[in-house]
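Asks: Prediction below, plus the sequence it came from.
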Amino acid sequence: MIRQLSKPLLWIALLGRMVLNGIQEAGALALFALQGVLAIFSPPFYWRIFVGSMINIGYLSLPVVALTALFSGGVIALQSYTGMAQYHVDSAIASIVVLAVTRELGPVLAGLMVAGRVGAAMAAEIGTMQVTNQIDALRTLSTNPIKYLVAPRLLAATIALPFLVIIADILGVLGGFTVSIMKLGFTPQGYIMATFNAVKPMDITIGLVKAGVFGFLIALMGCYHGYRSKGGAQGVGASTTAAVVAASILLLVFDYLLTDIFFSK
């Protein structure tokens, strides 16, 4: 009888431990994020780290984001035409492309590309500093590691990603335009007119708000997992993987939440 009861109790204990660990992890992440945000608004601010992060996140991520957006816009046009031509409503392709790119695909695809490139790099860099005791050395020099390593990266990612999304929006629409003109028989004037009639400033604004939130989450996950690295090179590798996975999942979750907030009415 005792053995029969031990297994259910064991599963309950394991479930309770998982819940408690999840709550503890969420609390630690929230405190880390709060410390990072507060550090942005309190002096000193390390502008050299901020500018370098802006270049790394924004300028150096531009090629992969641009190519992703350009071909995604073309794919949307092709797929939309395939499904809509049979119902003779292919004139709505321009509207579908511009709304899909500005509201969703621009921010989401740019965020995922930056998460894979920049989030991993942040986690690896800060994680290496952690396991080699460089962060402890900063403390001995009376330098706050959160202010030096985390705050500039959080602000840089929050600012840089919206600029990347603006470029992604333009190139995504351009990809749909190019495919529609060259393969689907649209006229340039008609396509451009339909695009401007469909898009509204609010659509672009919503995409940029999403991009700012995504940038913050990507930098937060990269810094958080890197900061908590331990166990040498293997630990840094695990932190890098965890940062990319967590950033990608949070990005999709917050994409849904923000979409529900903006479009629930």
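Replies: Nice, I can see it. Numbering: from 1, shown residues only.
Asks: before we move on, what SS does residue 186 have?
Replies: With DSSP: H, G, I helix; E, B strand; the rest coil as the basis, the three-state label of residue 186 is coil.
Asks: Now for it: which residues touch it?
Replies: 93-94, 180 (Cβ atoms under 8 Å, 6 or more residues apart in numbering). Placement of C-beta: from N, CA and C, glycine included.
Asks: swap in residue 57?
Replies: Neighbouring residues of residue 57 by Cβ under 8 Å, 6+ apart: 114, 118, 156-157, 160-161, 215, 219.
Asks: Number of residues surrounding the residue lying closest to residue 73 once chain neighbours are set aside?
Replies: With sequence-adjacent residues excluded and distances taken as Cβ to Cβ, 6 or more residues apart in numbering, residue 73 is closest to residue 175, at 3.0 Å. A total of 23 residues lie near residue 175 under the criterion other Cβ atoms under 10 Å.
Asks: The host helix or strand of residue 175 packs against which elements?
Replies: Here residue 175 sits within helix 151-182, counting by DSSP states H and E. Packing partners of helix 151-182 (3 or more Cβ pairs under 8 Å, 6 or more residues apart in numbering; DSSP states H and E): helix 2-40, helix 47-54, helix 62-84, helix 93-100, helix 106-114, helix 188-198, helix 201-227.
Asks: For the longest one, what is the distance to the chain centroid?
Replies: Averaging C-alpha positions (Cα atoms, centre = their mean, to the nearest Å) puts helix 2-40 25 Å from its chain's average.
Asks: Let me see the mean pLDDT of that helix.
Replies: In this model, helix 2-40 has an average pLDDT of 79.
Asks: hang on, the earlier thing: can you add mean neighbour count and distance to residue 128 and give the helices and strands packed on helix 151-182 back as CSV?
Replies: Supplementary listing: the helices and strands packed on helix 151-182 in CSV, determined by neighbours: other Cβ atoms under 10 Å; distance: least, Cβ to Cβ, whole Å:
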stretch, mean neighbour count, distance to residue 128
helix 2-40, 11, 19
helix 47-54, 15, 16
helix 62-84, 18, 23
helix 93-100, 23, 39
helix 106-114, 26, 20
helix 188-198, 14, 46
helix 201-227, 23, 8
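Asks: got these as JSON lines, with distance to residue 146 columns?
Replies: Output for the helices and strands packed on helix 151-182, formatted as JSON lines (distance: least, Cβ to Cβ, whole Å):
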{"stretch": "helix 2-40", "distance to residue 146": "5"}
{"stretch": "helix 47-54", "distance to residue 146": "12"}
{"stretch": "helix 62-84", "distance to residue 146": "28"}
{"stretch": "helix 93-100", "distance to residue 146": "38"}
{"stretch": "helix 106-114", "distance to residue 146": "22"}
{"stretch": "helix 188-198", "distance to residue 146": "44"}
{"stretch": "helix 201-227", "distance to residue 146": "8"}
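Asks: circling back: can you lay out the contacts of residue 186 as CSV showing distance to residue 228?
Replies: Formatted as CSV, the contacts of residue 186 follow (distance: Cβ to Cβ, whole Å):
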residue, distance to residue 228
93, 47
94, 47
180, 48
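Asks: neighbours around the nearest residue in space to residue 57 that is not next to it in sequence, how many?
Replies: Closest residue to residue 57 apart from its sequence neighbours, by Cβ to Cβ, 6+ apart: residue 160 at 4.3 Å. By other Cβ under 10 Å, the residues close to residue 160 number 25.
Asks: For residue 160, list the residues it contacts.
Replies: Residues near residue 160 by Cβ under 8 Å, 6+ apart: 53-54, 57-58, 61, 215.
Asks: Considering the residues you listed, which is situated nearest to residue 34?
Replies: residue 215 (17.7 Å; Cβ to Cβ).
Asks: quick one: that closest one and residue 161 touch, right?
Replies: Yes - checked against Cβ atoms under 8 Å, the pair residue 215 and residue 161 is within contact range at 3.3 Å.
Asks: so what sits against both of those two?
Replies: Common neighbours of residue 215 and residue 161 (Cβ under 8 Å, 6+ apart) are 57, 111, 114.
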